[in-house]
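Asks: Okay, structure incoming, though there's no sequence with it:
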């Protein structure tokens with residue numbers, strides 16, 4: 001899947017031990033990538049939980065990133081950091097598999113995943129991907145606050 005997304009300059013959320021490199025440059029938890037200067041095209045698979053929104057907001061502010069998060073489309077975080085700020089999303093069909101630091105296939109994710117594009121160029125990468133899923137262009141989104 002990652003090869004279909006093109007080349008990345010930075011992975012600010014890289015694991016300390018990883019089976020392969022995702023980008024030319026990596027920040028791990030020891031580097032505190034959220035607080036560092038970002039450069040080039042970014043791939044961001046943020047820590048899941050309360051910190052996820054901070055990472056996606058930085059992706060949006062930076063404007064040249066693809067994020068990978070759970071497709072929890074009903075959450076406040078998804079509304080404020082994805083629906084309101086992203087250029088496009090790609091819902092991945094099925095569940096992603098994890099890999100061990102040795103590069104061996106492990107278990108699957110606990111929820112469906114979505115790729116989130118910040119920037120028009122990144123939206124084009126998602127649109128042209130050749131993996132199973134559904135691309136959604138968010139350029140003409142309409143979001144309401146109306147309660148039913």
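Replies: Nice, I can see it. Quick caveat: nothing in here was measured; it's all calculated off a predicted structure.

Asks: Run through who's touching whatever helix or strand residue 66 lives in.
Replies: Counting by DSSP states H and E, the element that carries residue 66 is strand 65-70. For strand 65-70, the external contacting residues (CB atoms under 8 Å, 6 or more residues apart in numbering) are 5, 8, 38, 41-46, 48, 52, 55-56, 59, 82, 109-119, 122, 125-126. (C-beta placed from N, C-alpha, C; glycine too.)

Asks: Need the mean per-residue confidence for it.
Replies: Mean per-residue pLDDT for strand 65-70: 96.

Asks: After that strand, which helix or strand is next?
Replies: That would be, after strand 65-70 and using DSSP H and E, helix 76-78.

Asks: quick one: strands adjacent to the helix or strand following that next one?
Replies: Using DSSP H and E, the helix or strand that follows helix 76-78 towards the C-terminus is strand 88-92. Each strand pairing with strand 88-92, determined using DSSP bridges, is listed with its direction: strand 113-118 (antiparallel), strand 133-137 (antiparallel).

Asks: how about those strands in TSV, adding mean neighbour count and mean pLDDT?
Replies: Supplementary listing: the strands paired with strand 88-92 in TSV, determined by neighbours: other CB atoms under 10 Å; pLDDT from 0 to 100:
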stretch	mean neighbour count	mean pLDDT
strand 113-118	25	96
strand 133-137	14	94
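
Asks: Burial check on the spatially closest residue to residue 72 that is not a sequence neighbour, number of neighbours?
Replies: The spatially closest residue to residue 72, leaving aside those adjacent along the chain, is residue 78, at 5.7 Å (CB to CB, 6 or more residues apart in numbering). A count of neighbours around residue 78, defined by other CB atoms under 10 Å, yields 22.

Asks: got it, and residue 44?
Replies: Other residues lying near residue 44 total 27 when counted by other CB under 10 Å.

Asks: tell me the contacts of it?
Replies: Residue 44 is in contact with 11-13, 55-56, 58-59, 65-68, counting by CB under 8 Å, 6+ apart.
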